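1. Got a predicted model here, sequence first, then my questions.
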Amino acid sequence: MTQFPSKQLFEFKNEVEYAKGSVVSRQVVKNEKGNVTLFAFDKDQGLSEHTAPFDALVQVIDGKAEILIGGESYILQEGQSIIMPAHVPHALKATEKFKMILTMIRA
């Protein structure tokens, strides 16, 4: 994954493309305090259930997805966001093609 250059304007939606049957990711920024990653999911693609040692903010910037957090289902669409708390199992699946920004900040 390559990081985005500093002091350069961009629109998140245009910085990652969909790929048939795949999940595409692009690292925006990463340092010792956390990271921001841009994702594009083809329909029916997702991330299997896992946990993380820090909170993660999901911002949907295109399409629609189902996100499971601690066994509860949330349907998010463009413009909506949710926080997945640290140490709580979570997973997601694209109910249609969707793009998201994932921000993780280490405590």
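-> Arrived safely.

2. you'd agree residue 6 is in a helix?
-> No: under the criterion used here (DSSP: H, G, I helix; E, B strand; the rest coil), residue 6 is coil, not part of a helix.

3. okay, it: pLDDT?
-> According to the model's per-residue confidence, residue 6 sits at a pLDDT of 84.

4. Strands of the protein, residue ranges please.
-> Per DSSP state E, the chain carries strands over the ranges 23-31, 34-41, 46-50, 56-69, 72-77, 81-84, 90-105.

5. could you dump these to TSV with distance to residue 6, mean neighbour count and mean pLDDT?
-> Where C-beta positions appear, they are placed from N, C-alpha and C, glycine not excepted. Shown next, in TSV, are those (distance: least, CB to CB, whole Å; neighbours: other CB atoms under 10 Å; pLDDT from 0 to 100):
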stretch	distance to residue 6	mean neighbour count	mean pLDDT
strand 23-31	9	14	93
strand 34-41	13	21	96
strand 46-50	28	12	96
strand 56-69	21	19	98
strand 72-77	29	13	98
strand 81-84	24	16	97
strand 90-105	17	19	97
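
6. mind putting those strands in TSV, distance to residue 11 included?
-> Formatted as TSV, these follow (distance: least, CB to CB, whole Å):
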stretch	distance to residue 11
strand 23-31	12
strand 34-41	11
strand 46-50	24
strand 56-69	9
strand 72-77	18
strand 81-84	17
strand 90-105	11
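
7. Compare these and report which one is nearest to residue 5.
-> Ranking the strands of the chain by proximity to residue 5 (CB to CB) places strand 23-31 first, at 10.2 Å.

8. between that closest one and strand 90-105, what angle do the directions make?
-> When axes from the mean of the first three to the mean of the last three CA atoms, to 10 degrees is applied, the directions of strand 23-31 and strand 90-105 differ by 30 degrees.

9. and strand 23-31, what other elements does it pack with?
-> If you count contacts as 3 or more CB pairs under 8 Å, 6 or more residues apart in numbering; DSSP states H and E, strand 23-31 packs onto strand 34-41.
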